[in-house]
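Asker: Based on what follows, work out the 3D shape:
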Amino acid sequence: MSAAIASAATRSELEASARDSAGPLKESGASLAKVKQLVAEILAPKVIDVDLKAEYPQEFLRALGAAGGYAGAAAAESGGNGLGLKHVIRVMEEASKLCLSTGFLIWCQTACARYIQMSDNSALKENFLPRLLRGEVLAGTGLSNTVKSCDTIEDFRLSAKKVDGGYVINGVLPWVSNLGPTHYFATGCPVEGQGKGDDALVFILVDCSQPGFKLVDCAHFVALDGTRTLACHFRDAFVPNAMVLSHPGQSAAYVRRIKPGMILAQMGMGLGLIEACVDMMKQSNKTHAHVNQFLDDQAGDIDAALQEARAATYALADAISANPQADVVLDILKLRLAGGEYAVKAAHAAMLHMGAKGYLQKSPAQRRLRESYFIAIVTPATKHLRREIARIEQAAAAPTCVAA
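Answerer: Down below sits the predicted model:
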């Protein structure tokens, strides 16, 4: 995974950020100990039901918020703990070691919190964000279509019209996760008459109970079916300015603030799942090392890549927390790509190590294999990441013309 590690040009900045963040480690450790306790006591007994019965782990999500599990997503003045993106990722890791569905829901909740934190809407940051961080309100992120449309991969599925006091939204988002009748989510779309491009968008916080909006059940998945992933239908839904995160003219800068952290935070899912796979491989080796040794991917090799990726993830998270505009986008994209690829590789290796035991319906090995593909296809997917990396590298390598 060495290709994903931060370049020499940014390494000094990352190391400096890591040193500066050393202060709150004790508080972070105490917080993570509480997270581990909740995982063991509330989440562990429900993992099979979440996977096979599509049970939504709401009790755990609310308990995690009450324990401060989402608080790294915001500043102290907005109800956060000041521990930053690394804390968010580490919380996600702990849940993902056991259940990727829950790890993904944590990502949804904290991503939405960060969108609010990064906005210029001071009223939402003061009055709504603390409730989100405490888990009193649960929220999703509907930016998959927005991100892919901004990167010219697909067309926008929503449109907005500016009216007195806000915007009227129309269209359908097919898949948004962590939703329900009392939930909220963030999304973004172009505004009529504002032209094209990233600076012609409006970003909004949507109340799932508001008029003109409804949730519709959608297709079922082979994994992560307990994540309350629903279709979102807008029909002349009015969103007031009080629920706007970024208006046209501000949106390009807003995207630059939120996108790197949104992508990097997904590494929490990959790191947790890969560690769980390494543990399964080691467990199998206690009785079957004599035959497992002939498999291509060994526990030590996967574990070494995991530790390398974890160090890079934490350093990049500290860099973004210190400076959301840090020049580390390419490093993040490469790391996130490697995270998805290694998640699939680790889950495949764990399945082969476990053998027939891993093929049982309730075995964690086959579940982790199904879950790993989600990391590789959730926005930004493997093909999306490779396309963006190629685009950035080609632009950097292009000759520049110098006027005579």
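Asker: Tell me who's in contact with the residue nearest the centre of the chain.
Answerer: For the chain, residue 266 is the residue whose C-alpha lies nearest the centre (Cα atoms, centre = their mean; 3.6 Å). Applying Cβ atoms under 8 Å, 6 or more residues apart in numbering, we find residue 266 in contact with 107, 336, 339, 375, 378. Glycine gets a C-beta too; all of them are placed from N, C-alpha and C.
Asker: I'd like the next helix or strand past the host helix or strand of the first one.
Answerer: Pointing back at residue 107 there. According to DSSP states H and E, residue 107 maps onto helix 100-117. Of the helices and strands lying after helix 100-117 in sequence (DSSP H and E), the nearest is helix 122-123.
Asker: on that earlier part again, of the contacts of residue 266, grab the buried ones for PyMOL.
Answerer: Of those, the buried ones go into a single PyMOL selection, burial set by 16 or more other Cβ atoms under 10 Å:
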select buried, resi 107+336+339+375+378
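Asker: Could you let me know which of the contacts of residue 266 ends up closest to residue 247?
Answerer: Among these, residue 107 lies closest to residue 247 (Cβ to Cβ), at 26.1 Å.
Asker: Could you double-check that the closest one sits in contact with residue 93?
Answerer: No. Using Cβ atoms under 8 Å, residue 107 is not in contact with residue 93; the gap is 11.0 Å.
Asker: Common neighbours of those two, please.
Answerer: Common neighbours of residue 107 and residue 93 (Cβ under 8 Å, 6+ apart) are residue 268.
Asker: what about residue 197, how many residues close to it?
Answerer: Using other Cβ atoms under 10 Å, residue 197 has 12 neighbouring residues.
Asker: Let me fix that, I meant to ask about residue 357.
Answerer: Around residue 357 there are 14 residues (other Cβ under 10 Å).
Asker: do the one 5 residues further on as well
Answerer: Residue neighbour count, defined by other Cβ under 10 Å, stands at 10 for residue 362.
Asker: three-state assignment of it?
Answerer: coil (DSSP: H, G, I helix; E, B strand; the rest coil).
Asker: List the residues that contact it.
Answerer: Applying Cβ under 8 Å, 6+ apart, we find residue 362 in contact with 48, 52.
Asker: got TSV for the contacts of residue 266, with secondary structure, pLDDT and distance to residue 220 too?
Answerer: Below are the contacts of residue 266 laid out as TSV (DSSP: H, G, I helix; E, B strand; the rest coil; pLDDT from 0 to 100; distance: Cβ to Cβ, whole Å):
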residue	secondary structure	pLDDT	distance to residue 220
107	helix	98	21
336	helix	98	27
339	helix	98	26
375	helix	98	19
378	coil	96	17
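Asker: pLDDT weak spots in the chain?
Answerer: Applying pLDDT under 70 to the chain flags residues 1-27, 400-404.
Asker: all strands for it, in order.
Answerer: Using DSSP state E, the strands of the chain run over 139-142, 158-163, 166-176, 184-190, 201-207, 213-217, 230-240, 244-246.
Asker: JSON lines for these, including mean neighbour count?
Answerer: Shown next, in JSON lines, are the strands of the chain (neighbours: other Cβ atoms under 10 Å):
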{"stretch": "strand 139-142", "mean neighbour count": "25"}
{"stretch": "strand 158-163", "mean neighbour count": "18"}
{"stretch": "strand 166-176", "mean neighbour count": "19"}
{"stretch": "strand 184-190", "mean neighbour count": "25"}
{"stretch": "strand 201-207", "mean neighbour count": "24"}
{"stretch": "strand 213-217", "mean neighbour count": "14"}
{"stretch": "strand 230-240", "mean neighbour count": "19"}
{"stretch": "strand 244-246", "mean neighbour count": "22"}
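Asker: Could you say which one of the ones you listed comes nearest to residue 384?
Answerer: Here strand 166-176 is closest among the strands of the chain (Cβ to Cβ), at 15.2 Å.
Asker: partner strands of that closest one, parallel or antiparallel?
Answerer: strand 158-163 (antiparallel), strand 230-240 (antiparallel) (DSSP bridges).
Asker: can you give me how far the last one is from the chain middle?
Answerer: Looking back up the chat, that one is strand 230-240. How far strand 230-240 lies from its chain's middle: 23 Å, per Cα atoms, centre = their mean, to the nearest Å.
Asker: Tell me what angle it forms with strand 201-207.
Answerer: 100 degrees (axes from the mean of the first three to the mean of the last three Cα atoms, to 10 degrees).
Asker: from here on, count from 602
Answerer: With the count now opening at 602, the last piece we talked about shows up as strand 831-841.
Asker: Please list the outside residues in contact with strand 831-841.
Answerer: In contact with strand 831-841 (Cβ under 8 Å, 6+ apart) are residues 743, 759, 761, 764, 766-778, 780, 786, 788, 805-807, 811-819.
Asker: ok so, going back, gap between the helix holding residue 708 and the chain center?
Answerer: With Cα atoms, centre = their mean as the basis, helix 701-718 stands 6 Å off its chain's centre.
Asker: So which bits of it are buried?
Answerer: In helix 701-718, counting by 16+ other Cβ under 10 Å, buried: 701-718.
Asker: Kindly report the same for stretch 983-1003.
Answerer: Residues of stretch 983-1003 classed as buried: 983, 985-986, 988-990 (neighbour count, 16+ other Cβ under 10 Å).
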